[in-house]
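A.B. asks: quick one, what's the 3D model for this:
(2 chains)
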There are 2 protein chains.
Amino acid sequence: MDVYGKGTSIAQWRRLIDEAYSGSFQGPIVNVDDGRDPHFDAIFVGGGSAGRFGAAVLRSLGGRPLVLERWPFLGGSCPHQACVPHHLFSEAARELDQAQALQGRLWYPEFDPTAASVLELVELFRSKRSGPHAHMNWQSAQQLDIESVLNAEAQVLDARTVRAAGRTFTADALVLATGARTALPGIEGETLPGVFDYASFIEDLDYEPRKIVVIGGSKVAVEYASFYRATGTPTTIVSRAELLTSGGPARMDVDLRRFVVDGMRLRDLELLEHSVVTRIVGCDRVEGVEIETPEGHRFVEADFVLLGTGEKPNTASFASALPLVHDDRGFVVVDSRMRTNIDGVYAAGDLIGPPMEMFKSRRSGTTAARNIMGVDATFHYDDIPDFLHTTYEVTWAGLTEREARERFERVVTIQVPPIGMDPADTPLPMAEGSMLYGFTLPERTGFQKCVIDATTRRVVGIHHAGYGAKDAFQYLHHMISRPEGLTIDQLGDMNELYISSDYFIGYARLRSSQADLTSM
Amino acid sequence: MDVYGKGTSIAQWRRLIDEAYSGSFQGPIVNVDDGRDPHFDAIFVGGGSAGRFGAAVLRSLGGRPLVLERWPFLGGSCPHQACVPHHLFSEAARELDQAQALQGRLWYPEFDPTAASVLELVELFRSKRSGPHAHMNWQSAQQLDIESVLNAEAQVLDARTVRAAGRTFTADALVLATGARTALPGIEGETLPGVFDYASFIEDLDYEPRKIVVIGGSKVAVEYASFYRATGTPTTIVSRAELLTSGGPARMDVDLRRFVVDGMRLRDLELLEHSVVTRIVGCDRVEGVEIETPEGHRFVEADFVLLGTGEKPNTASFASALPLVHDDRGFVVVDSRMRTNIDGVYAAGDLIGPPMEMFKSRRSGTTAARNIMGVDATFHYDDIPDFLHTTYEVTWAGLTEREARERFERVVTIQVPPIGMDPADTPLPMAEGSMLYGFTLPERTGFQKCVIDATTRRVVGIHHAGYGAKDAFQYLHHMISRPEGLTIDQLGDMNELYISSDYFIGYARLRSSQADLTSM
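C.D. replies: Residues are numbered from 1 along each chain as shown, chains lettered A, B, ... in the order given. You can find the predicted model right below:
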């Protein structure tokens, strides 16, 4: 189908995507100016966040990009199977947590766990996900002027040539952005029906889970397990290490981590740490998992198992044509300009390995685009802001208290609840999202910590569990990471929007005039 | 009662405050070092946010402050009758809005408007408000080392002398911070039982309102009316001007304001603009209000009327002793160092007039403290970030689009939903707090606009309705207000925490490479 110059509306895109995804429409969706030579400044193989943002910036710089995407929409796995459903489910988890905790109080009726359905939420997401997809297709074509071929597999022929939809396209540069998928851990039984990963769970779930085991101890495991449990479904997490101590969240402050993990226990999520699943058991479908725990062998019944155990890159569309250098997990190796070992071939997004985060994906794509257009740009992502969801939004940036104490001579912290105080003994911190808890179950409001190098007075780490502060951490991270940093005195001179989800400005002000900073 | 050096815990403070407020304990609560001369560097008359923060900073600078407060706690009206209950009720409004909108879907049962009770929420707040009070008393004594006399009226004798609790205290300087209260509008019937202001509503409500009229068109009116309506109670707002066009929110962007007001109408809040209440009617108690509307005379039945019509300063404790210059509404006039016309007498907080916002109150108190301690400090609050609640968090900073177009030659905007698009046609923007709406009622997710001077590429205005972005606006306001400003290119180079409540970073990145910026 040729959509070039047709001014397709969001509603029209939605129908087209739905038809393509259901199979009632087949064949490529071509948004290419056939009046021009099929030669481009860059071809983006993969139209996820890296490819789409890269193409947008290349176009902004006056270049002509082509995006090739096997799905009938741009935006990639995020709106289809990853960040968007995860956010929907995490919001459901938060609301369900409140509905459960406050049942019988105020206007909250008795909580009916049979009314909260994992399947229904998955079906809701599936039935409506083409809305965001359609918005991105509309935006990419109408606002960003990006040419694309959707709903077609691409095959890279060489460093300048790609075939898709029966046509051959050439370009001065290639940007590979084909993403990643779950790496199966190699556990016996992992292919049984009822065993899912984050993608197949969205695509294939067709029954209501009654007892869930989540294998893994990092973000995906914690986020999905928190959601399942919030629906009232008994859920067990099995993690080799302590929860949230490996992978992305390795650098969580211990006090932040304690509040978060205690909160999961408080909600009757079963946590088996230092434990290994030795076998997933079942005949026609999963019936349970065998686990080695520090206390010995356990069998945990389950009709649903989620593998949250890491990812591997998608390389099929280019592996045979391009002898690329990759790391030991198969991720494509790039420099800080997103250049691979092959001249004119760039890579971006999940394909280049962790962190599998949106900003890294987008910025790696735009960094490639700039360099292709002759604008020198580098991107480093060793110091990043980070977050995850449980029934809370958990956000952190900069150094943990421990890291700061290793690095600096005098470190002070500002903490709510105060150091050593039981969260049940004070309703603080509370703000938007935790007010009802503040007045009913004060131990549930949240936790926050600001870490300061007392010598330079610079804020070096920020840590938060609660609601409404995640957005702020984007800007706080920027400010504390600038060469000049952010001092507690500068922070205390800002204008807070009280009650602020993070209390950093107000508390900084209380301390900012202290010549010799002390903790509080 | 002498509490000095006793190490009173939060739990002990809570009991003491409850006893004092109920009248079962009477007399002053004295936290003063009697081993020292009763002479202080500064006496803060009033222990609200201005006095408490001022005292903390004076102490940090090595000074000795004394805070005198008529209530048995520090922190003032905010945790007692103003910002804290307002936040609790606004969170309830948001949750009730969702419970109503999503009834019969997912786990949400049919919404029972009789279960949602204004009275019950007020009673919940009243029964638990001593929690935050106690935290502030504990913090002020234990962490901030502030001496105080609570639960005692203070009387200023001269510019250096104050009497409280039968004792006389002297100081080198006074900081007046006695706050403000509702200015009755002078409408016939305004003193009838059933007519409340924001304070008496909290203190005195003892029945469930069945039909509510709110008089006023600015923040307080809009916030409380949105809450009442969300409980299912029929509610009418009567406003002389268009809603949210006078007072603090005078500078709301028209598109932001439209989204917000349309959202109130969508929720069946009756809005009578350009209308004047001529009489509040009733015999023993309020029965309704007479209103002149552009369409003629109306009588609206009501058993509860809220006056949201402005404030006047509390001057009784010092008016006779100090010939202070005040403005035509009675607010004490100060310079940018918070100095009044009397040498050594400063004023801060709501007493010096609008904006009645926490950051202004706190920073005016700390500015006074610094100057008293010989640290030159000024505080200007003509360019401020601002917010209000409906069932949304509504936040803005910098210029409206109209103001920017008056000031700059070339202005572009980045807007979600896109310019001219019906919010029902796209689920975007959606993020934490609006995910469930995005997948069910997309017109309810929110609105955002970024205003950019295309010539300098600087972000000059930011506007948001939704959830989770309010905290970020504190830092964004700081950055766009710096002399060097914040360009769209700098914004696009930050690391977003996707899905971000504000889409500013991601959208800025899509545009940041454009040499000649265009709107999207």
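A.B. asks: show the pLDDT at A:Ala250.
C.D. replies: pLDDT, A:Ala250: 64.
A.B. asks: what mean pLDDT does stretch A:17-24 get?
C.D. replies: Mean pLDDT, computed over stretch A:17-24, is 94.
A.B. asks: and what of stretch A:36-48?
C.D. replies: Averaging pLDDT along stretch A:36-48 gives 96.
A.B. asks: near chain B, which residues of the stretch 251-400 of chain A?
C.D. replies: A:357-360, A:362-363, A:366, A:369-370, A:375, A:381, A:384-387, A:393, A:395 (Cβ under 8 Å from any Cβ of the partner chain). Quick note: C-beta positions are derived from backbone N, CA and C, even for glycine.
A.B. asks: now those residues: which count as buried?
C.D. replies: Among these, those scoring as buried are A:357-360, A:362-363, A:366, A:369-370, A:384-387, A:393, A:395 (criterion: 16 or more other Cβ atoms under 10 Å in any protein chain shown).
A.B. asks: let me know the closest of those to B:Glu208.
C.D. replies: When those are compared for distance to B:Glu208, the smallest value, 34.4 Å, is given by A:Glu393; criterion: Cβ to Cβ.
A.B. asks: with adjacent residues omitted, what lies nearest to the closest one?
C.D. replies: The shortest distance from A:Glu393 to any non-neighbouring residue, by Cβ to Cβ, 6 or more residues apart in numbering or on different chains, is to A:Lys470 (4.8 Å).
A.B. asks: quick check, pLDDT for the one you found.
C.D. replies: As predicted, A:Lys470 sits at a pLDDT of 98.
A.B. asks: phi and psi next, for it.
C.D. replies: Taking degrees, to the nearest 10, you get phi -60, psi -50 for the backbone angles of A:Lys470.
A.B. asks: count of neighbours near it?
C.D. replies: Counted with other Cβ atoms under 10 Å in any protein chain shown, the burial measure for A:Lys470 works out to 28 neighbours.
A.B. asks: just the CA trace of stretch A:294-312, in CSV.
C.D. replies: As requested, the backbone C-alpha atoms of stretch A:294-312 are provided in CSV (Å, rounded to 0.1, in the frame of the first residue of the first chain):
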residue,chain,number,x,y,z
PRO,A,294,19.6,-21.5,50.9
GLU,A,295,17.1,-23.4,53.1
GLY,A,296,17.1,-26.4,50.7
HIS,A,297,14.9,-27.6,47.9
ARG,A,298,11.5,-26.2,47.2
PHE,A,299,8.7,-26.9,44.8
VAL,A,300,6.5,-24.0,44.1
GLU,A,301,3.3,-24.6,42.2
ALA,A,302,2.6,-22.2,39.3
ASP,A,303,0.4,-22.0,36.2
PHE,A,304,2.3,-19.1,34.9
VAL,A,305,6.1,-18.5,34.8
LEU,A,306,7.7,-15.3,33.7
LEU,A,307,11.3,-15.3,32.5
GLY,A,308,12.9,-12.0,33.4
THR,A,309,16.4,-13.2,32.7
GLY,A,310,18.1,-10.9,30.2
GLU,A,311,18.2,-10.2,26.5
LYS,A,312,20.1,-10.9,23.3
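A.B. asks: buried ones in it?
C.D. replies: Within stretch A:294-312, the residues that count as buried by 16+ other Cβ under 10 Å are A:298, A:300, A:302-311.
A.B. asks: so how far is it from its chain's centroid?
C.D. replies: The chain centroid and the centroid of stretch A:294-312 are separated by 22 Å under Cα atoms, centre = their mean, to the nearest Å.
A.B. asks: quick check: phi and psi on the residue of the stretch 151-300 of chain A found nearest chain B?
C.D. replies: Chain B sits closest to A:Thr231 of the stretch 151-300 of chain A, with a gap of 7.9 Å, by Cβ to the nearest Cβ. Note on A:Thr231: backbone dihedrals following degrees, to the nearest 10 are phi -80, psi -10.
A.B. asks: quick one: pLDDT of A:Gly247?
C.D. replies: According to the prediction, A:Gly247 has pLDDT 60.
A.B. asks: so which residues of the stretch 351-500 of chain A form helices?
C.D. replies: Here the stretch 351-500 of chain A has its helices, by DSSP state H, counting those that start in this stretch, at A:358-372, A:401-407, A:435-438, A:470-481, A:488-492.
A.B. asks: low-scoring stretches of the stretch 151-300 of chain A, by residue?
C.D. replies: A:247-250 (pLDDT under 70).
A.B. asks: wait, isn't A:Arg240 in contact with A:Gly217?
C.D. replies: Yes. With contact defined as Cβ atoms under 8 Å, A:Arg240 and A:Gly217 form a contacting pair (6.5 Å).
A.B. asks: who has more neighbours, these two?
C.D. replies: The residue with more neighbours, out of A:Arg240 and A:Gly217, is A:Gly217; 28 against 15, by other Cβ under 10 Å.
A.B. asks: quick one: the helices of the stretch 351-500 of chain A as CSV, columns for distance to B:Thr161 too.
C.D. replies: As requested, the helices of the stretch 351-500 of chain A are exported to CSV (distance: least, Cβ to Cβ, whole Å):
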stretch, distance to B:Thr161
helix A:358-372, 59
helix A:401-407, 46
helix A:435-438, 40
helix A:470-481, 44
helix A:488-492, 32
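A.B. asks: quick one: contacts for A:Lys211?
C.D. replies: A:233-235, A:300-304 (Cβ atoms under 8 Å, 6 or more residues apart in numbering or on different chains).
A.B. asks: if we use 7 Å, what do you get?
C.D. replies: By Cβ atoms under 7 Å, 6 or more residues apart in numbering or on different chains, A:Lys211 lies in contact with A:234, A:301-303.
A.B. asks: what's the burial count for A:Arg251?
C.D. replies: The tally of other residues near A:Arg251 (other Cβ under 10 Å) stands at 16.
A.B. asks: got it, and the one 3 residues further on?
C.D. replies: Residue crowding around A:Val254 was assessed by other Cβ under 10 Å; the count is 12.
A.B. asks: hey, where'd the strands end up in the stretch 251-400 of chain A?
C.D. replies: Defined through DSSP state E, counting those that start in this stretch, the strands belonging to the stretch 251-400 of chain A, from first to last, are A:270-272, A:276-282, A:286-293, A:296-301, A:304-307, A:311-313, A:345-347, A:386-389, A:393-398.
A.B. asks: typed the wrong thing, it's the stretch 1-150 of chain A
C.D. replies: Chain-ordered strands for the stretch 1-150 of chain A, with DSSP E, counting those that start in this stretch as the definition, fall at A:29-31, A:39-45, A:65-68, A:147-150.
A.B. asks: direction included, what does the third one pair up with?
C.D. replies: In the sheet containing strand A:65-68, its partner strands are strand A:39-45 (parallel), strand A:147-150 (parallel), by DSSP bridges.
A.B. asks: to what extent is A:Val175 buried, counted in neighbours?
C.D. replies: Here the count is done by other Cβ under 10 Å, and A:Val175 has 32 residues near it.
A.B. asks: A:Ile212 now?
C.D. replies: A:Ile212 is flanked by 24 other residues according to other Cβ under 10 Å.
A.B. asks: please apply the same query to A:Leu106.
C.D. replies: A total of 18 residues lie near A:Leu106 under the criterion other Cβ under 10 Å.
A.B. asks: same thing with A:Glu409?
C.D. replies: As a burial measure, the neighbour count of A:Glu409 was computed by other Cβ under 10 Å and equals 8.
A.B. asks: from A:Ala454, how far out is it?
C.D. replies: Separation of A:Glu409 from A:Ala454 (Cβ to Cβ, to the nearest Å): 8 Å.
A.B. asks: got it, and A:Thr340?
C.D. replies: To A:Ala454, A:Thr340 is 45 Å away according to Cβ to Cβ.
A.B. asks: who's more crowded, the two?
C.D. replies: Taking other Cβ under 10 Å, A:Thr340 and A:Ala454 do not tie; A:Thr340 has more neighbours (24 against 17).
A.B. asks: verify the stated contact: the more buried one with A:Val334.
C.D. replies: Yes. Because the distance of 5.7 Å satisfies Cβ atoms under 7 Å, A:Thr340 is recorded as touching A:Val334.
A.B. asks: what about A:Thr233, is that helix, strand or coil?
C.D. replies: When the structure is reduced to helix, strand and coil (DSSP: H, G, I helix; E, B strand; the rest coil), A:Thr233 reads as coil.
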